[in-house]
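In: For reference, the sequence and a predicted model appear below.
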Amino acid sequence: MAEEELQMEEGGKKSKLMMIIIIVVVLLLGGSAAAYFLLGGEDDAAMEAGAEQAQGSSDGASMSAPVKTGTALYVAIPNPITFNVPGTTRDRLVEIKVQLMVRGSDAEEQVKMHIPSIQGALNRAFSQANADDLITEAGKATIRDNALKEVQKTLKDVSGNELVEQVLFTGFVMQ
């Protein structure tokens, strides 16, 4: 009788161990399959999009957006731009930390050479701001767009190319 109970306990332990192993295997296979479909689906979509672009370009169709080549690199303006802006109730002091997005290491080197000119362009763009506008997100977007246009214009005059793709505010303080 004691031997029967001992054999039942061993059988119960084996079945529990076997059940745990089966669950782990099912979870691993399910996770692998999910990862394959999630990650593999993006590659398939990218390949299909690439094939469509190649087919569209061979048909003579023009693309609406320009293709941007090169690695996106970021050039930090060394010092934050600090300036006063008028407001309806009071004048405010604004400090903006700026980084410029360029494509390729050649553009990065050229932009670094012209940092003083770029800082002057940023000061010109920011001097047109109003404290009441800078409080809103739309006002910040407007000043960012104006800064991009001013920087591109300055770089076009100095180096012959616009070089900068985006002006990014990495810090924005208004007191």
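Out: Received the coordinates, thanks.
In: Show the backbone phi and psi for P86.
Out: For P86, the backbone dihedrals (degrees, to the nearest 10) come out as phi -80, psi 150.
In: Pretty sure G70 sits in a helix.
Out: No - counting by DSSP: H, G, I helix; E, B strand; the rest coil, one finds G70 to be coil, located in no helix.
In: CA atoms of the stretch of helix or strand A147 belongs to as CSV?
Out: Taking DSSP states H and E as the definition, A147 sits inside helix 137-159. Written as CSV, here are the backbone C-alpha positions of helix 137-159 (Å, rounded to 0.1, in the frame of the first residue of the first chain):
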residue,chain,number,x,y,z
GLU,A,137,2.1,75.5,-29.8
ALA,A,138,1.2,77.1,-33.1
GLY,A,139,3.3,80.2,-32.3
LYS,A,140,6.3,77.9,-31.5
ALA,A,141,5.8,76.1,-34.8
THR,A,142,5.7,79.4,-36.7
ILE,A,143,8.9,80.6,-35.1
ARG,A,144,10.5,77.3,-35.8
ASP,A,145,9.5,77.5,-39.5
ASN,A,146,10.7,81.1,-39.7
ALA,A,147,14.0,80.0,-38.2
LEU,A,148,14.4,77.2,-40.7
LYS,A,149,13.8,79.6,-43.6
GLU,A,150,16.2,82.1,-42.2
VAL,A,151,18.9,79.5,-41.6
GLN,A,152,18.5,78.0,-45.1
LYS,A,153,18.6,81.4,-46.7
THR,A,154,21.8,82.3,-44.8
LEU,A,155,23.5,78.9,-45.7
LYS,A,156,22.5,79.3,-49.3
ASP,A,157,24.2,82.7,-49.4
VAL,A,158,27.3,81.5,-47.5
SER,A,159,27.9,78.0,-48.9
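In: mean confidence for that helix?
Out: For helix 137-159, the mean pLDDT works out to 93.
In: how does this structure divide into domains?
Out: Each domain of the chain is listed here as a residue range: 1-65, 72-174, per automatic domain parsing.
In: And the closest residue to K156 other than its chain neighbours, how close does it get to F172?
Out: Spatial nearest neighbour of K156, chain neighbours left out: E162 (5.4 Å); criterion: CB to CB, 6 or more residues apart in numbering. Glycine gets a C-beta too; all of them are placed from N, C-alpha and C. The span separating E162 from F172 equals 24 Å under the rule CB to CB, to the nearest Å.
In: what about stretch 77-87, start to end distance?
Out: The stretch stretch 77-87 measures 26 Å between its terminal residues, going by CA to CA, to the nearest Å.
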